[in-house]
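J.: the following block contains a protein sequence and its predicted model.
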Amino acid sequence: MRINLTLILFILSFGIKAQSNLKVKVAKGDVLISIFEKYHINNLLCNETEFCKLNKLAAIELILANKSYFLPIKIYNYDGKSIRSTIGIDDWDIAKKVEAYNLNLESDAIKKDNYKSGELWVPFHLTTECSLPKPVIDKPNKPLRYSIFGKDNELVTIEDNELKNQVYYLVSGHGGPDPGAIGKYNNESLCEDEYSYDITLRLAKNLISHGAMVYVIIRDTNDGIRSGDILPCDKDEVCWKEQTIPRNQNKRLKQRSDMVNKLYLTNKPNYKKQYMIVIHIDSQSKSKRADMFFYHHAKSKIGKSLANQLHKTIKGQYKLHQKGRGYTGTVTTRDLHMIRESHPATVYIELGNIMNTQDQKRFIMESNRQAVADWLALGILKN
């Protein structure tokens, strides 16, 4: 998903002096959050409201390719004196923030020229009351019941509210008619979808315990969190909440990205922090070991930040618990469907090589599956 934006100046007449509103032309596959990130526009309700107002939209909706949209950024001709006199304010702190905003855009090559030689860009949120409300910290409640975790694990105690007002869409790889990669262990089949799903459930439970809202997108209502080494393969997984998973790969991927996007837009008015975690297990040569590695969208600073924090946490945990082992996992960008076509900031994780006998221990041992989920949750909490 590339953001190829054509800048257009839309001249408006205001009381102080001539101003311009920045307008961008959207390329196929662009989403609003990535455009906001590119132009350093905070993902706040006031910016979204102003975006709707400028573009005469009733509400935030899917932006359309090849159509131009105004951004909540005003452009002034610098008066050669000061930022305050240029935009008609007295507040020194706001002026310094506007200056820093312009310098950052210039540093990122989003804005070509220094503001003193021409244009001064002023984002809406810097000159408007536009702060997020302080989160309300509730006291931990009695255990909550989630049947998706299975009878022995369905009660979840809320330990704290560190992740309150955050939404996580957890997508385990494959499922339904597609088991994913299949490894062999003592003549038993190891289906990728079963092990990635079990770890996903464990991660979901951890995140809920810290106050997050969690959606388990690919789900199996009769599995739950399972004990033991061998997790039997089956084909009864569904996509949130009761959709049959198609056999066709493209349709499968579109089904889950469409569902995540639908939920994302539903939650968007009330939740500003929304993330998607996609969990897979890789398949490589049997002789090749593979550490956990992480992918993110090339244009998503939030996704990159989370991927780097997860990578840093995993590396630190290996150093703590297995000194001398080393860790070769990486963080890179990938043009994968679930990364490219989904609205939330996304991290796509490969947990190891299901064909390698050493890597298999990371999945078949229940304690290791729990450790992986715990470490990922720790990285999210640190983010």
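T.: Now that the structure is in, tell me what you want to look at.
J.: now the element after whichever helix in the chain runs longest, going C-ward?
T.: Across the chain, the longest stretch assigned as helix under DSSP state H is helix 301-321. Moving toward the C-terminus from helix 301-321, the first helix or strand encountered (DSSP states H and E) is strand 331-333.
J.: how far off centre is the helix or strand just after that following strand?
T.: The helix or strand immediately downstream of strand 331-333 is helix 337-340, counting by DSSP H and E. On the basis of C-alpha atoms, centre = their mean, to the nearest Å, the separation between the geometric centre of helix 337-340 and that of its chain is 11 Å.
J.: ok, and what's touching helix 337-340?
T.: Identification of contacts with helix 337-340 by C-beta atoms under 8 Å, 6 or more residues apart in numbering yields 1, 29, 171, 250, 253-254, 256-257, 276, 278, 295-297, 303, 346, 348. Using the backbone N, CA and C atoms, a C-beta is placed for each residue, glycine as well.
J.: same thing with stretch 115-127?
T.: By C-beta under 8 Å, 6+ apart, the list of residues contacting stretch 115-127 reads 20, 22, 39-42, 44, 46-47, 50, 72-78, 80, 83, 86-87, 89, 94, 97-99, 101-102, 105-106, 111, 113, 130.
J.: quick one, which of these are buried?
T.: Neighbour-count burial (16 or more other C-beta atoms under 10 Å) is assigned, among the contacts of stretch 115-127, to 20, 22, 39-42, 44, 46-47, 50, 72-76, 78, 83, 86-87, 89, 94, 97-98, 101-102, 105, 111, 130.
J.: in helices, which of these appear?
T.: 46-47, 50, 83, 86-87, 94, 97-98, 101-102, 105.
J.: pLDDT check: weakest of those?
T.: Between these, the one the model trusts least by pLDDT is Cys46, at 79.
J.: before we move on, back to that, so what secondary structure elements neighbour the longest helix of the chain?
T.: Judged by 3 or more C-beta pairs under 8 Å, 6 or more residues apart in numbering; DSSP states H and E, helix 301-321 is in contact with strand 293-296, strand 331-333, strand 345-353, helix 366-382.
J.: return the distance of it from the chain's centre.
T.: Its chain's average C-alpha position is 15 Å from that of helix 301-321, according to C-alpha atoms, centre = their mean.
J.: same question for it, mean pLDDT?
T.: Averaging pLDDT along helix 301-321 yields 94.
J.: who touches it?
T.: In this structure, residues lying in contact with helix 301-321 by C-beta under 8 Å, 6+ apart are 37, 275, 291-297, 325-327, 329-331, 339, 345-347, 349, 371, 375-376, 378-380, 382-383.
J.: ditto for stretch 147-156
T.: For stretch 147-156, the external contacting residues (C-beta under 8 Å, 6+ apart) are 143-146, 201, 204-205, 208-209, 216, 219, 221, 223-226.
J.: nearest to Lys56 among those?
T.: Val216 (37.7 Å; C-beta to C-beta).
J.: please tell me how far the closest one sits from Lys382.
T.: Val216 sits 23 Å away from Lys382, taking C-beta to C-beta, to the nearest Å as the criterion.
J.: what about these two, which has more around it?
T.: Of the pair Val216 and Lys382, Val216 is the one with more neighbours under other C-beta atoms under 10 Å, namely 22 against 12.
J.: quick one: contacts for Cys239?
T.: With contacts defined as C-beta under 8 Å, 6+ apart, the neighbours of Cys239 are 175-176, 217-219, 245, 255-256, 259.
J.: what subset of those is buried?
T.: If we count by 16+ other C-beta under 10 Å, the contacts of Cys239 have these buried: 175-176, 217-219, 245, 255-256, 259.
J.: TSV for the helices and strands packed on helix 301-321, including distance to Ile63?
T.: As requested, the helices and strands packed on helix 301-321 are exported to TSV (distance: least, C-beta to C-beta, whole Å):
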stretch	distance to Ile63
strand 293-296	21
strand 331-333	22
strand 345-353	17
helix 366-382	28
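J.: with Ile230 as the reference, name the closest of these.
T.: Proximity of those to Ile230 was assessed by C-beta to C-beta; the nearest stretch is helix 366-382, lying at 10.8 Å.
J.: show me what the closest one is in contact with.
T.: Residues external to helix 366-382 that are found in contact with it (C-beta under 8 Å, 6+ apart): 162-163, 168, 195, 198-199, 202-203, 205-207, 210, 226-229, 275, 277, 292, 306, 309-314, 317, 349, 351, 361-363.
J.: and if we set it to 7 Å?
T.: Helix 366-382 is contacted from outside by 162, 198-199, 202-203, 206-207, 210, 227-228, 309-310, 313-314, 317, 351, 361-363, using C-beta atoms under 7 Å, 6 or more residues apart in numbering.
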